[in-house]
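>>> predicted model, plus sequence, below.
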Amino acid sequence: QVQFVESGGGLVQPGGSLRLSCVASGFDLEYYNLGWFRQAPGKAREGISCISSRDGSITYYRESLNGRFTISRDNPKKMVYLQMTSLSPEDTAVYYCHTKVYGDDYWGQGTQVTVSS
């Protein structure tokens, strides 16, 4: 069974940084693209970043992030990370890991990020 467990969220002041982590289980992570989504209050869930399978040589970021986030993966540890910098209140959301295995979407339970002074 594909599972993700996210961690690393919390309350941070504007301009601060956070590193989100996500541990995967139930599938061979190395062979799958991995992504991060987020859902802000009252808004639809949106994809913000993804990283290609195996060596993660290809990454994608939502344009509105303006280069502030960095996605990475560690296949032996079954981990995917999201380094977030220069956070603003607009980044407040629940952040989710994602993958698609045999056409089915899988999400973690999410980790809350709140940016506020």
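Perfect, thanks for sending it. Just so we're clear, the structure is a prediction, and the values are computed from it rather than from any experiment. Residues are numbered from 1 along each chain as shown.

>>> could you use CA atoms for every contact and neighbour count after this?
Fine.

>>> which pLDDT does the model give His98?
We have a pLDDT of 97 for His98.

>>> for Val113, see how far away Thr92 is.
Here the criterion is Cα to Cα, to the nearest Å. By it, Thr92 lies 5 Å from Val113.

>>> how about low-confidence regions in this protein?
Along the chain, the model assigns pLDDT under 70 to no residue.

>>> partner strands of the helix or strand where Leu20 lies and their direction?
Taking DSSP states H and E as the definition, Leu20 sits inside strand 18-25. Strand pairing for strand 18-25, using DSSP bridges, gives strand 3-7 (antiparallel), strand 79-84 (antiparallel).

>>> between Thr92 and Val113, point out the one with more neighbours.
Neighbour tally, Thr92 and Val113, criterion other Cα atoms under 10 Å: the higher count belongs to Val113, 23 against 20.

>>> packing partners for the strand or helix carrying that one?
According to DSSP H and E, Val113 maps onto strand 111-115. Packing contacts for strand 111-115, counted by 3 or more Cα pairs under 8 Å, 6 or more residues apart in numbering; DSSP states H and E, involve strand 10-12, strand 93-101.

>>> now do it: distance to the chain's middle.
Counting by Cα atoms, centre = their mean, to the nearest Å, strand 111-115 is centred 12 Å from the centre of its parent chain.

>>> then that strand to PDB, C-alphas only?
C-alpha atoms of strand 111-115 as PDB (Å, rounded to 0.1, in the frame of the first residue of the first chain):
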ATOM      1  CA  THR A 111       1.600  19.000   7.000                       C
ATOM      2  CA  GLN A 112       0.400  22.500   8.000                       C
ATOM      3  CA  VAL A 113       2.600  25.500   7.100                       C
ATOM      4  CA  THR A 114       1.500  28.800   8.600                       C
ATOM      5  CA  VAL A 115       3.400  32.000   7.800                       C
END
